[in-house]
Structures are given as C-alpha cells and as structure tokens.
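>>> Below are the sequence and a predicted model; questions follow.
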Amino acid sequence: MKIAILHSAAAGFFPRFYGLLHNAITEEGESCRLFLPNIRTNRASALPDSVVWGTRFNTVIHKWLYRMTGIQDVFSVFDTGCLIRQLKLYNPDIIHCHIINDRCLNIRMLRSYANRHDIPVVWTMHDCRAVTGRCAYFDEIGCERWKTGCGKCPQKVLYSPTFLDNSHLEWIIRKRVLTGFKSLTIVTPSNWLADIISNSYLKEYETVVINNGIDIQTFSDHASFDDKNPDKRKIVLGVAHAWEARKGLDLFIRLSHDLPDSYRVMLVGHLPYTIENITSVAPTSSAGELASIYAGASVFVNPTIADNFPTTNLESLASGTPVVTFQTGGSPESIDDTCGIAVKKNDYDALKKAIEHVADNRNCYTSESCRKRAALFSQKQYRLYVQLFRRILKDKGQSAL
C-alpha cells in the first residue's frame, strides 16, 4: 500500500503530526511519501520521504492572485500539473490530503486526477476552511454564513486579507469542486468539527473522527524547568507558535495583572511585543525542553476562542500538568474532571477562578490522572489511519467485484 500525503507547509503542528503518521505507516510495512509545494520552509524541511513540487514563482503568483481577487484553489495550473506528474510516478493507492486550501494548488485538477485513476482520497481537516468561502474558523464571531453560501465576510481582514470580498464565489467554487470527488473520506480530529461537516455541503461523504495523538513517552518523566521560576511562584503556562487574540493573548495580559502575586504568567512562543508581567520563553523545537516547561507549571491554560483539537492540551497532560480551557471547538474534548476544567467561552471571570482552583488544588488534579488521560491520545492514534486506509482499499476491491 502506497500513501501520497499532501500538505501546504512543513511548519507549526504538522512536522510532529507527520512524523508520527509516517512512523505508523512504515512500521506497518506500508509506504508513504509527502508532497509539499515549493516554498522556503518546505525546501529546508528534513521530514522523511518528502518531495517538493512546483516552482517558488508559482506560490508567489497564486498568493497575489488571491490577494487581488479573493479567489483561490483554481490557479497554479502548470505547477499542479507538475504535482500530478510526480504522483503518477509514485502511483499511490490512496491520496491523503491535509491543508491544501492554501493558495498553492488547483484542487479541481487534483480531483480529476484522483477520479480518472480511481484513487480514493482521505482528507484530514485540521480546520474549517474546506466548507467556507474564506476563513479557517468562524466560532470566534458566531458566524453561520458558511451554511448558506458566505458573502459579505465579517472577517475579511483576517485569514490573508484580499482587495475584494469574493467569499460567496469561493464558497460556490469549493462546493462544486469538493462535492465532485468520486471517493472521499473525511477525517476530523474532533467531534466538534465532525458536527460542522455534517451540516455542510460535504455531509454526504463518510466522516471519521480520529483524535490527534502525541508521543506520550517524549512528554513524560522530565525534570521541571525551574530556571525561569526562581521565586517558586505558581506558573500559569500558555504555549502557542505565534501569539494573537484568537489564542487568548489579551486574556493572558489581564491575568498577569489580576492574579495574586503568588502567580507568574509564562508564555512560550512568538509574542508580537514585550509584555510587562509576563515571562516570555522563545519557541523551541526540542520536545524534551518543552516537556520540562510543561512539567514545571502549576496549570496549563488554553484560552483559545477558535480551535479544532489542540495538541498543546495533550502535551501538557502527558507532562503531568492539568489544563484549563474554554468550551470552544474541540479543545474540551481532550480533558475530563480529573485533569482540568473547561469554562464557558469568553467568560474571563470563570477562567480566572478555574485557574486558581486548579493551581491551589493540585491534589485533586494529580500528575498521574493527567498522564492517564493523555494515554488515550498516544501515538497509537496514527495506527487508526493505517486501519482506515486498509479498510477503504478493501471496500474498493469488494465494490469492483
């Protein structure tokens, strides 16, 4: 069995996700290859069995065309042809898509190739963009225009601003293209996103929930990261690749002023500016170092107002640290009442109260209970993908009889 994996950029969450997926596939004796568009991040990537397709010029042109028109997914004709030629050389049994609605690919051409060669497509949706005309998330503003066709987008300044608001036209394009796959199975990391898919134009396709997983062993049994906490205060930890309002940066700033002096707010990731009262830690590619930071915290706080199934929650639990988060997206699905608290979205007072309750009652939210919960979301999750691929091919063989 040969799996062709398509994704837009080897950055953020994806390298760790792909590493675990690649291990699961190859350990089962199967083959996979990762196809990435030609951008600097991808050319510098050290991900195993990866191939860069197309030209750097194409990605620049596609992004500018999108910026001018508000339309994507229909350009990159020549470079998508290059991708298809490489796919033909590999001759995959299944095409596994991840984030491909990212100004780099002509999805209609990819669909035609898959349909013509009778190749099943599995699409893991890490956000909502496949069922909207523009945005990756709409929970933060409670928008439901994605159900009826988008247009007059209330988030037109977010998610790569464009000169024109053609979100309605892009919604129509996506609906026509994506509902034309001959064989498409959708995977969502959360029940929350599965529910959204069931109310979208993709509802006729099979949807399977496979929660994200992490390497549990990597995040367990690490010493605390004490050099950032010389006064031994209670650490309220946040972790993100880049901090912004959607990730809850404004709330952490409030917490840094409102929590008692016995608390210290620490943020790992890129901050847009220096913030008084907050200890900033640069992002790290070392899972061991990150695990030590988690382990040294009294409570991990994830006040995201729009997210799918954040792996930061899992990393904290595996490191033995309880989680406080909002009841938003799939974030609360990773915890139960033994290892954290989920409060109503945007309820700052409830968030602050939950933080103090967990930090002051660690005997009720023990490291053991956190790790026990994290064990449900181990690297074994990625074997479920292998099982899914095999089942799809088996069903395909039976239907051909």
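Great, that's in hand. Please read all numbers here as calculations on a predicted model, not as lab measurements.
>>> Which residue ranges of the stretch 301-401 of the chain form helices?
311-318, 348-360, 367-374, 383-399 (DSSP state H, counting those that start in this stretch).
>>> Of all those, which one is nearest Arg108?
helix 383-399 (22.4 Å; Cβ to Cβ). In short, each C-beta sits where N, CA and C put it, glycine included.
>>> helices or strands next to the helix or strand of the chain with the lowest mean pLDDT in the packing?
When the helices and strands of the chain are scored by mean pLDDT, DSSP states H and E, helix 40-43 comes last with a mean of 88. Applying 3 or more Cβ pairs under 8 Å, 6 or more residues apart in numbering; DSSP states H and E, one finds that helix 40-43 contacts strand 50-53.
>>> Summarise which helices and strands the strand it packs on is packed against.
Using 3+ Cβ pairs under 8 Å, 6+ apart: strand 50-53 touches strand 31-37, helix 40-43, helix 77-90.
>>> Please list the outside residues in contact with that strand.
The contact list for strand 50-53 (Cβ atoms under 8 Å, 6 or more residues apart in numbering) reads 10, 33-38, 42-43, 79, 82-83, 86.
>>> likewise stretch 195-203?
125, 128, 130-131, 146-147, 175, 178-179, 184, 186, 188, 205, 207.
>>> Can you point out the buried residues in stretch 168-178?
168-175, 177-178 (16 or more other Cβ atoms under 10 Å).
>>> Please apply the same query to stretch 109-119.
Residues of stretch 109-119 classed as buried: 109-111, 113-114, 119 (neighbour count, 16+ other Cβ under 10 Å).
>>> Could you list which of those residues belong to helices?
109-111, 113-114 (DSSP state H).
>>> Count the neighbours of Leu105 for me.
28 (other Cβ atoms under 10 Å).
>>> Might one say that it is in contact with Phe78?
No - Leu105 lies out of contact with Phe78 (Cβ atoms under 8 Å); the separation is 11.9 Å.
>>> what residues are shared contacts of the two?
Contacts common to Leu105 and Phe78, judged by Cβ under 8 Å, 6+ apart, are absent.
>>> Return the residues in contact with the residue nearest the centre of the chain.
The centre of the chain sits closest to His126, judged by Cα atoms, centre = their mean, with a distance of 4.4 Å. His126 makes contacts with 13, 98-99, 189, 308, as judged by Cβ under 8 Å, 6+ apart.
>>> Please convert those residues to TSV, extending it with pLDDT and secondary structure.
TSV is the format used below for those (pLDDT from 0 to 100; DSSP: H, G, I helix; E, B strand; the rest coil):
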residue	pLDDT	secondary structure
Phe13	86	coil
His98	97	coil
Ile99	95	coil
Pro189	97	coil
Asn308	94	coil
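>>> List just the nearest of those residues to His357.
Distances from His357 to those, taken by Cβ to Cβ, are shortest for Asn308, at 26.6 Å.
>>> list the contacts for the closest one?
126-127, 188-190, 192-193, 329-330.
>>> Going by distance to Phe219, which of those residues wins?
Pro189 (18.0 Å).
>>> Which residues are in contact with the nearest residue to that closest one once chain neighbours are set aside?
Of all residues not flanking Pro189 in the chain, Phe309 sits nearest, at 3.8 Å (Cβ to Cβ, 6 or more residues apart in numbering). Taking Cβ under 8 Å, 6+ apart as the criterion, Phe309 is in contact with 189-190, 192-193, 211-212, 329-331, 333-334.
>>> One more pass at 10 Å, please.
126, 188-193, 209-212, 329-331, 333-334, 377 (Cβ atoms under 10 Å, 6 or more residues apart in numbering).
>>> Check which residues of stretch 43-53 are buried.
For stretch 43-53, the buried set under the neighbour-count rule, 16+ other Cβ under 10 Å, comprises 45, 47, 50, 52-53.
>>> Same question for stretch 234-250.
234-240, 243, 246-249.
>>> try stretch 80-100
Residues 80, 82-84, 87, 92-100 are the ones in stretch 80-100 that count as buried (16+ other Cβ under 10 Å).
>>> Quick one: distance of it to the chain centre.
The chain centre lies 21 Å from the centre of stretch 80-100; the measure is Cα atoms, centre = their mean, to the nearest Å.
>>> how near is the nearest residue to Thr312 once chain neighbours are set aside to Met266?
Excluding its sequence neighbours, the residue lying closest to Thr312 (Cβ to Cβ, 6+ apart) is Val239, at 4.8 Å. Noted for Val239: a distance of 9 Å to Met266, by Cβ to Cβ, to the nearest Å.
>>> Show me where the stretch 251-400 of the chain dips below the pLDDT cut-off.
By pLDDT under 70, the low-scoring segments of the stretch 251-400 of the chain are 398-400.
>>> what do you get if the cut-off is 90, keeping everything else the same?
The model of the stretch 251-400 of the chain has pLDDT under 90 over residues 272-276, 282-289, 306, 396-400.
>>> likewise the stretch 101-250 of the chain?
139-142, 155-161, 217-233, 241-242, 244-246.
>>> give me that answer again for 80
Residue ranges of the stretch 101-250 of the chain with pLDDT under 80: 156-160, 221-232.
>>> where along it do the helices fall?
Counting by DSSP H, counting those that start in this stretch, the helices of the stretch 101-250 of the chain are 107-116, 167-178, 191-198, 249-258.
>>> Nearest to Gly397, out of these?
Nearest to Gly397, of the helices of the stretch 101-250 of the chain and by Cβ to Cβ, is helix 107-116 at 17.2 Å.
>>> Would you mind getting the angle between that closest one and helix 77-90?
Orientation check (axes from the mean of the first three to the mean of the last three Cα atoms, to 10 degrees): helix 107-116 against helix 77-90 gives 30 degrees.
>>> Okay, angle between helix 107-116 and helix 167-178 too, please.
Angle, helix 107-116 to helix 167-178, by the same axes, to 10 degrees: 10 degrees.
>>> CA atoms of helix 107-116 as PDB?
Taking C-alpha atoms only, helix 107-116 is exported to PDB below (Å, rounded to 0.1, in the frame of the first residue of the first chain):
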ATOM      1  CA  ILE A 107      -7.900  21.400  -6.500                       C
ATOM      2  CA  ARG A 108     -10.100  20.700  -9.500                       C
ATOM      3  CA  MET A 109      -7.100  19.200 -11.300                       C
ATOM      4  CA  LEU A 110      -6.300  17.100  -8.300                       C
ATOM      5  CA  ARG A 111      -9.800  15.900  -8.100                       C
ATOM      6  CA  SER A 112      -9.900  15.000 -11.800                       C
ATOM      7  CA  TYR A 113      -6.700  13.000 -11.500                       C
ATOM      8  CA  ALA A 114      -8.000  11.000  -8.500                       C
ATOM      9  CA  ASN A 115     -11.300  10.300 -10.200                       C
ATOM     10  CA  ARG A 116      -9.800   9.400 -13.500                       C
END
